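Asks: coords please:
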Amino acid sequence: MIEIAIDGTAASGKGTLAKKLAKKYGFVHLDTGLLYRKVANELIINKKDTSSNLAYHSCEIARNLNLLELNKKELRSEETAKLASFIATYTKLREILNSKQKEFVANNKTKFPGCVLDGRDIGTKILPNADFKFFIDASIDIRAKRRLLEKNISFLHENDEKCMLHSLIIEISERDKLDSSRKTSPLVPANDAHVIDTSFIDAEELLLKVTKIIEGI
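Replies: Numbering: from 1, shown residues only. Take a look at the predicted model:
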């Protein structure tokens, strides 16, 4: 099985790249960030998100996590994303979810010719021996603008748009800081990863650049 590990910052384009690669080559794909979002979402639903035993409840949910229930729209909410980033600092939770990610790869080895996993510690922890590793990044301003476009809000006044964009820049900056400064599996490129800045290229250009690397063109 060919293993492709894709790491990177929020809204850098790593998720879109992973999906496109999986479709192009017929590989199985796992957005590992959704595991943390699913745990966060369950905490919110069960009103455990403000519990003093947040780490304990997070781990209990993670142990019973069903990877087939990761595509629900509520997992993309800002509230869920913020909590997911926070609980991702828990060492025990990461151990549990790392095991599930590795199981996912092992269980699909005979079903697919390859796998694509995207997240924040794939090339360093989950697939350290991956055939190809990529670290995708872009400037904070560009990533914030992409997040704003994803919201598809067409009726905003210019001042409201600037205000929302400023808020997104702050949110993404805080998330970057949290991801890169955590003691367990901080967000860093693997030593052998191809680091690609997507600030001035679109999704198709990124796909072309990556496929050339994979195919040795």
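Asks: where does Ala84 fall, phi/psi-wise?
Replies: With angles defined as degrees, to the nearest 10, Ala84 sits at phi -60, psi -40.
Asks: which ones are touching it?
Replies: Ala84 makes contacts with Gly33, Tyr36, Arg37, Val39, Ala40, as judged by C-beta atoms under 8 Å, 6 or more residues apart in numbering. In short, each C-beta sits where N, CA and C put it, glycine included.
Asks: so which of these is the closest to Ile136?
Replies: Gly33 (13.0 Å; C-beta to C-beta).
Asks: burial measure for the closest one, as a count.
Replies: 20 (other C-beta atoms under 10 Å).
Asks: residues contacting it?
Replies: Gly33 is in contact with Gly15, Ala84, Asp118, Gly119, Arg120, counting by C-beta under 8 Å, 6+ apart.
Asks: which strands and helices sit next to the helix or strand of the chain with the lowest mean pLDDT?
Replies: In the chain, the helix or strand scored least confidently by mean pLDDT, DSSP states H and E is helix 158-181, which has a mean of 86. Judged by 3 or more C-beta pairs under 8 Å, 6 or more residues apart in numbering; DSSP states H and E, helix 158-181 is in contact with helix 78-87, helix 140-151.
Asks: of these, which is nearest Arg175?
Replies: helix 78-87 (5.2 Å).
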